[in-house]
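Engineer: A structural model of the following input is requested.
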Amino acid sequence: MASGAVRVVVAVGQPGGWTLLVRYGLAERALAAQRSKQLRVFRKLDTLVLYLQQIGVSRFDVDAANFSVTSR
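Structural biologist: I've put the predicted structure just below:
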């Protein structure tokens, strides 16, 4: 496996949404929004799945331990 190859993609639940954690080589990074550089939060898991499909990721892990739905 190449040192920069993606090993694992994890959807991490948090209050009100989902973030993405990417493990590649020996590094681990969270997905940030391109412009703001803030942590990218997906409100719905469906939206996160569509995003991953668009970039060619068809398999990922889910960590829902800290997920909770927040009321609007």
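Engineer: and the helix or strand encompassing residue 10, which strands flank it?
Structural biologist: Using DSSP states H and E, residue 10 sits within strand 6-14. Take DSSP bridges as the rule and strand 6-14 pairs in its sheet with strand 17-24 (antiparallel), strand 61-63 (parallel).
Engineer: Sort out which residues of the helix or strand hosting residue 46 are buried, please.
Structural biologist: Counting by DSSP H and E, the element that carries residue 46 is helix 45-54. By 16 or more other C-beta atoms under 10 Å, the buried positions in helix 45-54 come out as 48, 49, 52. Every C-beta, even on glycine, is put in place using the N, C-alpha and C of the backbone.
Engineer: OK, contacts around the residue positioned nearest the centre of the chain?
Structural biologist: When C-alpha atoms, centre = their mean is applied to the chain, the residue found nearest the centroid is residue 20 (1.3 Å). Residue 20 sits next to 9, 10, 11, 12, 30, 31, 40, 42, 48, 52 when contact means C-beta atoms under 8 Å, 6 or more residues apart in numbering.
Engineer: for the strands paired with strand 6-14, which one sits closest to residue 70?
Structural biologist: Proximity to residue 70, assessed across the strands paired with strand 6-14 by C-beta to C-beta, is greatest for strand 17-24 (8.5 Å).
Engineer: ok and that closest one relative to helix 45-54, angle-wise?
Structural biologist: 30 degrees (axes from the mean of the first three to the mean of the last three C-alpha atoms, to 10 degrees).
Engineer: Mind giving me the packing neighbours of the next helix or strand after strand 17-24?
Structural biologist: Using DSSP H and E, the helix or strand that follows strand 17-24 towards the C-terminus is strand 27-30. Judged by 3 or more C-beta pairs under 8 Å, 6 or more residues apart in numbering; DSSP states H and E, the packing partners of strand 27-30 are strand 17-24.
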